[in-house]
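*Asks:* pasting the sequence and the predicted model now:
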Amino acid sequence: MSSPDQAPPPAPDDDDYSPEPAPPGSTPSRVDPAEAGPTQPTPTEPTAFEPYVPDPALDELVCSELARRTELIAAQARVIAHAQARQAEFLVDLQGWSEDPQVSSRLHGNPESIRLADVNAATLTQDQARAAAYSRWEDRDVARRTIVSETACLLRVAERTVERMMEQSLWLMSAPATFDALSTGQISYRHATALVDQMRTLPTDDQEAFEQAVLPAAKTLPVGRFTDKARRVREKQHPESIITRNKNALAERRSYWEAAPDGMGWLHWYGTAHDTKAAYDRINTMAVT
């Protein structure tokens, strides 16, 4: 309780009220506008009516850099194609070398075959000696298996893969325009093998016309689309009817199993379209249920 002698502090709206002065330096001093210097303009954000215009120099730089980087990849693809063409050439050369009687007999290691090959080479021409060696299929067969095995070990691939590479190489060398396109990097190895896989099913007299018809497409289309086109052209140009071709193809039916990682495997089956499609549908139905 306040003492009667002590008067309450005046209210702010009293006429006699005056606040106590603030200590020096506690409040900012007023600045005369006339004494103030020039003020910096406040940056303004672009309005919606002013669209952003990209830097043309930066756009051009990005486009040129994209072209440069992708060309590096394309250049390496051409180098790879050239190397694969050289590899095919060496594979064909290896096969021809192994068929020489003096070579095949030594790869076989049969002393009598070696003696006969050396005698024939000394008395016969090269063609005559090669013809005489055709009767000794054992030497040729052993020599073939030897070069396949050696190549597979060096490349660290399956012998079946080397056999397929050698066969494809022979067909590539029989298609000069395709081989030249591969050597110069105009097409990939997959394009080249897709072409010869279709060409080899045609009669010899029709193969050159087929190559000329589909090779330009191999230089512009992806492998999948090119394979479809080559297949269609082959169907149109084949001189035999589909009935005759189907009858001959039945003799090529085969199947084989290939191991895969993690306890899995692949089942490859080459058969009639009707049988393989029916089996495929049945397997899928069993898998779903």
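*Replies:* Ah, there it is.

*Asks:* quick check: closest non-adjacent residue to Trp269.
*Replies:* Nearest residue to Trp269, sequence neighbours excluded (Cβ to Cβ, 6 or more residues apart in numbering): Ser255, at 4.2 Å. Every residue, glycine included, has its C-beta placed from N, CA and C.

*Asks:* quick one: low-confidence parts of the stretch 51-200 of the chain?
*Replies:* The stretch 51-200 of the chain contains residues with pLDDT under 70 at 121-122, 124-137.

*Asks:* if we use 90, what do you get?
*Replies:* Applying pLDDT under 90 to the stretch 51-200 of the chain picks out residues 51-56, 59, 98-143.

*Asks:* now the helices: where do they sit in it?
*Replies:* Under the criterion DSSP state H, counting those that start in this stretch, the stretch 51-200 of the chain carries helices at the ranges 56-98, 101-108, 111-123, 126-133, 137-155, 159-173, 176-183, 189-199.

*Asks:* give me the phi and psi for the nearest residue to Arg254 once chain neighbours are set aside.
*Replies:* In this structure, Arg254 finds its nearest non-sequential neighbour in Tyr270, 5.3 Å apart by Cβ to Cβ, 6+ apart. Tyr270 has phi and psi values of phi -110, psi 110 when expressed as degrees, to the nearest 10.

*Asks:* quick one: Tyr270 from Pro56, how far?
*Replies:* From Tyr270 across to Pro56, the span is 58 Å (Cβ to Cβ, to the nearest Å).

*Asks:* next: Ala273.
*Replies:* Distance from Ala273 to Pro56, by Cβ to Cβ: 57 Å.

*Asks:* circling back to that earlier point, my guess is the residue nearest to Trp269 contacts Trp266. True?
*Replies:* No. Using Cβ atoms under 8 Å, Ser255 makes no contact with Trp266, being 10.9 Å away.

*Asks:* now the end-to-end length of stretch 215-233.
*Replies:* End-to-end distance for stretch 215-233, by Cα to Cα, to the nearest Å: 11 Å.

*Asks:* tell me the gap between it and the middle of its chain.
*Replies:* Remark: stretch 215-233 is offset 16 Å from the chain centroid, using Cα atoms, centre = their mean, to the nearest Å.

*Asks:* also stretch 211-220?
*Replies:* Relative to the centre of its chain, stretch 211-220 is centred 19 Å away, using Cα atoms, centre = their mean.

*Asks:* before we move on, what about stretch 280-289?
*Replies:* Centroid separation between stretch 280-289 and its chain, computed with Cα atoms, centre = their mean, is 31 Å.

*Asks:* rounded mean pLDDT for that stretch, please.
*Replies:* Averaged across stretch 280-289, pLDDT comes to 92.

*Asks:* restricting to C-alpha, output that stretch in PDB.
*Replies:* Output of stretch 280-289 as PDB, limited to C-alpha atoms (Å, rounded to 0.1, in the frame of the first residue of the first chain):
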ATOM      1  CA  TYR A 280       7.100 -70.900 -76.000                       C
ATOM      2  CA  ASP A 281       3.400 -70.300 -75.200                       C
ATOM      3  CA  ARG A 282       3.200 -73.500 -73.100                       C
ATOM      4  CA  ILE A 283       6.300 -72.600 -71.100                       C
ATOM      5  CA  ASN A 284       4.900 -69.100 -70.400                       C
ATOM      6  CA  THR A 285       1.500 -70.500 -69.300                       C
ATOM      7  CA  MET A 286       3.200 -72.900 -66.900                       C
ATOM      8  CA  ALA A 287       5.400 -70.100 -65.500                       C
ATOM      9  CA  VAL A 288       2.300 -67.900 -64.900                       C
ATOM     10  CA  THR A 289       0.300 -70.600 -63.200                       C
END
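
*Asks:* give me the contacts around that stretch.
*Replies:* The contact list for stretch 280-289, computed with Cβ atoms under 8 Å, 6 or more residues apart in numbering, is empty.

*Asks:* do stretch 88-98 as well
*Replies:* Residues contacting stretch 88-98 (Cβ under 8 Å, 6+ apart): 103-104, 107, 140, 143-144, 146-147, 151, 165-166, 168-170, 172-173, 179, 182.

*Asks:* sweet, I'm off.
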